[in-house]
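[1] Pasting the sequence and the predicted model now:
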Amino acid sequence: MSAIYKRDLRAYFTSPVGYVFIAAFVFVMNLVFYIQNMMTAQNRLTTVFSVMFYALIVLAPVLTMRTFSEEYKQKTDQLLLTAPVKPAGIVMGKFLAAYTVYVISLALLLIQVIIIAAVSTPNGAIIFGNYIALLAVGAVFIAIGTFVSSLTENQLVANIATLAINVFLFLMDYAYSLINLTWLKRILYWISIFRRYNTFYVGVFSVADFFFYLCAAAVFLFLTVRVLEKKRWS
Amino acid sequence: MIEVSNLTKTYGKKRGIDRLSFTIGDGEIVGFLGPNGAGKSTTMNIITGYLSASSGAARIGGIDVLEDPIAAKKQIGYLPEQPPLYLDMTVEEYLDFIFDLKAVRELKRRDHVMEICELVGLKDQYKRVIRNLSKGYKQRVGMAQALIGNPEVLILDEPTVGLDPKQIIEIRNVIKNLGKNRTIILSTHILQEVSAICERVLVINNGQIVADDKPENLSARITGERKLSVRVAGPQDMVRKILRSIDGVQFADVTVQAEKGSYDFLVEAKPNVDIRKPMFIALAKAGYPILQLKSMDLSLEDIFLSLVEEKKRQRNPQNKAPRKLSADTALNVSGGEPASGDDEQGKEADD
C-alpha cells in the first residue's frame, strides 16, 4: 500500500494535475477571502469555508479522474493486480494519495486563519468545526471520484461522470424543499451531504454527521475494491 | 512448481481456454506456442492471478492462486504482453517502486536493482525517463520488473515481440541464463524461438493443448529430415533423373530456376530414411555440385494443421485422412522462400 501511495502522490506532482488542483483551490479560496474578509473587514471565515465546500463539486473530479483510468489505459493495472498486494491496499494507497493532495491545499487555508488571527480574535470553534467538516466531506468526494475512475479507462469520462454525481447530490437538497412526499423527504434528508455541513458551519461538532461522512467514504472505497475484484471475472 | 488442472475460461459463450491441464517442474523452461488468440495470454493471466478461471485451478508451488493470492503472487515475476510501465518515471524510480510494491525485504535494494539492470542490459539507461526509451529498452525494463525480488517462477508473455534481431538474440540469452535456476514459462508464436530457448513446448490452439513435447521431437514428429530443398548446378532433366533414382526418394522435382545453370529441387524422402548422404554422393559422382541444401522447416500453420489432424485421427481412428503437408510446403517453395522461423523473425524486425 505504501508503495502505491508514494508513487501516486509523486505522480500528482510530476504531472500538471496536482498543481492545477492546488492552484485552482487556492485561487478560489483567496478570491472569496479577499471579497468577503479583506474588502468588508470581517473576521468571519465561514463564507470561505462554505464556498470551498461547493468548489469541491467541480475540483474533486480533477483530482480523482486519473486514479484508476490512467492505470487501465497504460495497462499498469496488470502490474498492480499481479503484485502481492490486496485490492484493498491498492485502493487505499490511491485514495490516500489523492487525499494528501487535498489536505495540502486545505492546509494553505491556514494562511488566512493566521492573517485573521493577527488582526482580530476569530471564533476558534467555528474555524475548527469547518476544518473538520471540509476534511470529512473531501474524503467523501474523493472516494466517489476514485470509485467512478475505477469504472472507466477514459479520464474525461471519469471526470464528467464524477462531476455529474456531485451535482446530482447537490441538487438533491433543492429537491428536498420542492417535494411533498414525506417518505422521500425523509430519505433525502438522511442522505444529504450538504445539509449535514450546516451544523459544522455554525461551529457545532456533530459526531453523527462526521460519522456519516466517514461511512459514505468507506462505502465508495469498498465499492471500488469490489470493482477491482470483479475485473478478474470479466 | 506449476500445476494447472482443467482450467477453463469462458467469455460469454466463447471459450477462451478449454479444460487446460499441465504440470511444469522446477527449473523447466517451457514455451507456449500458438497463433494469436489461441489462449496463451489468457492462461498466463490466470496463473498470475490477473484473471480468474471459470473453472479449474492453478497452483504455484502447491499454493492455489485463488485461495492464497498473495503467497502465490510472491513467487511469480510476470511480464505481460504489453510491459506495464509508468512512462513518467525514470528506470531507477520505476524499479524502486516495484521493489517496494513487491515488498522485497531479504535483498538489499541498490545491489539487487543494479544486478538486474546489468543482467538485462539497462545500466546505461538507468537515469532515463521511460517514455524516452526505445521499444527494445522498454521491453527490458519490463523484464527487469519481473525479475525484482528473484521470483522462482517467471512468466513472460511474448518477450521478444517488437525487438530487432540483435535484441532478440540478447533477450533470448538473458532468458536462457535466467532459466538455469528458475522455472520459466514464455509464450511466442515464433517456432524458432521455442527451439532456441525451451526444453519443452506446449502447443496451444483454440484454447486446447494439441502437443506437449520437446521442441526437437515436435518437428521430428511431423517432418524429420523428410523434405529437403536442394540447389544443384546442372541440367534440369539429368539432375531430376539422378535424384529420382536414389534409393529412398519418394518425390523430386524442380521448383524454380535459382541462378543461371542451377535449379532448386524439392526432394521428399520416404519415412525414416535419411537421403542426404546418398544424394550428395550420387550428384557428386555425376559431376553436378550441390550449391545449397536446406531442410524444409514447417511454418507454424503447417504444424498446427498436422497436429490438429493427428489429434483428430487419434480420436476417430477409422478416419484416415492423409495429411496435406506436401502440397502446402510445395507452395511455399515455389513462392521463393521457405516459410521458416527466420522468415517470421524478419517480419518481426520490420515492425
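    Yes, it's here.

[2] Please count neighbours and contacts with C-alpha atoms only from this point.
    OK.

[3] measure the spatially most central residue of chain A to chain B for me?
    Of all residues in chain A, the one closest to the mean position by CA atoms, centre = their mean is A:Gly138, 2.6 Å from it. To chain B, A:Gly138 is 27 Å away according to CA to the nearest CA, to the nearest Å.

[4] Close to chain A: what parts of the stretch 1-150 of chain B are there?
    B:11, B:48-54, B:69-74, B:78, B:80, B:82-86, B:88, B:97, B:100-103 (CA under 8 Å from any CA of the partner chain).

[5] low-scoring stretches of chain B, by residue?
    By pLDDT under 70, the weakly predicted segments of chain B are B:219-225, B:297-302, B:315-351.

[6] Helices - which of the residues of the stretch 1-150 of chain B next to chain A land there?
    B:69-74, B:97, B:100-101 (DSSP state H).

[7] For these, could you give me CSV that also reports distance to B:Ala286?
    Below are those laid out as CSV (distance: CA to CA, whole Å):
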residue, distance to B:Ala286
B:Pro69, 69
B:Ile70, 71
B:Ala71, 69
B:Ala72, 66
B:Lys73, 65
B:Lys74, 66
B:Phe97, 70
B:Asp100, 72
B:Leu101, 71
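
[8] residue ranges for the helices of the stretch 51-200 of chain B, please.
    With DSSP state H, counting those that start in this stretch, the ranges of helices along the stretch 51-200 of chain B come out as B:69-74, B:91-101, B:109-120, B:135-147, B:165-178, B:191-197.

[9] Which stretches in chain A count as helices?
    For chain A, the helices defined by DSSP H cover A:2-14, A:16-33, A:46-64, A:69-74, A:77-82, A:87-107, A:110-119, A:124-149, A:155-178, A:182-191, A:193-201, A:207-231.

[10] Alpha carbons of the first one, as PDB, please.
    What that stands for is helix A:2-14. Written as PDB, here are the backbone C-alpha positions of helix A:2-14 (Å, rounded to 0.1, in the frame of the first residue of the first chain):
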ATOM      1  CA  SER A   2       2.700   2.500   0.900                       C
ATOM      2  CA  ALA A   3       4.500   1.900  -2.400                       C
ATOM      3  CA  ILE A   4       1.300   2.700  -4.300                       C
ATOM      4  CA  TYR A   5       0.700   5.700  -2.100                       C
ATOM      5  CA  LYS A   6       4.200   7.100  -2.700                       C
ATOM      6  CA  ARG A   7       4.000   6.600  -6.400                       C
ATOM      7  CA  ASP A   8       0.600   8.100  -6.800                       C
ATOM      8  CA  LEU A   9       1.500  11.100  -4.700                       C
ATOM      9  CA  ARG A  10       4.600  11.600  -6.700                       C
ATOM     10  CA  ALA A  11       2.600  11.300  -9.900                       C
ATOM     11  CA  TYR A  12       0.400  14.200  -8.900                       C
ATOM     12  CA  PHE A  13       3.400  16.400  -8.900                       C
ATOM     13  CA  THR A  14       5.200  15.100 -12.000                       C
END
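
[11] any idea how far the residue nearest to the centre of chain A is from B:Leu307?
    61 Å (CA to CA, to the nearest Å).
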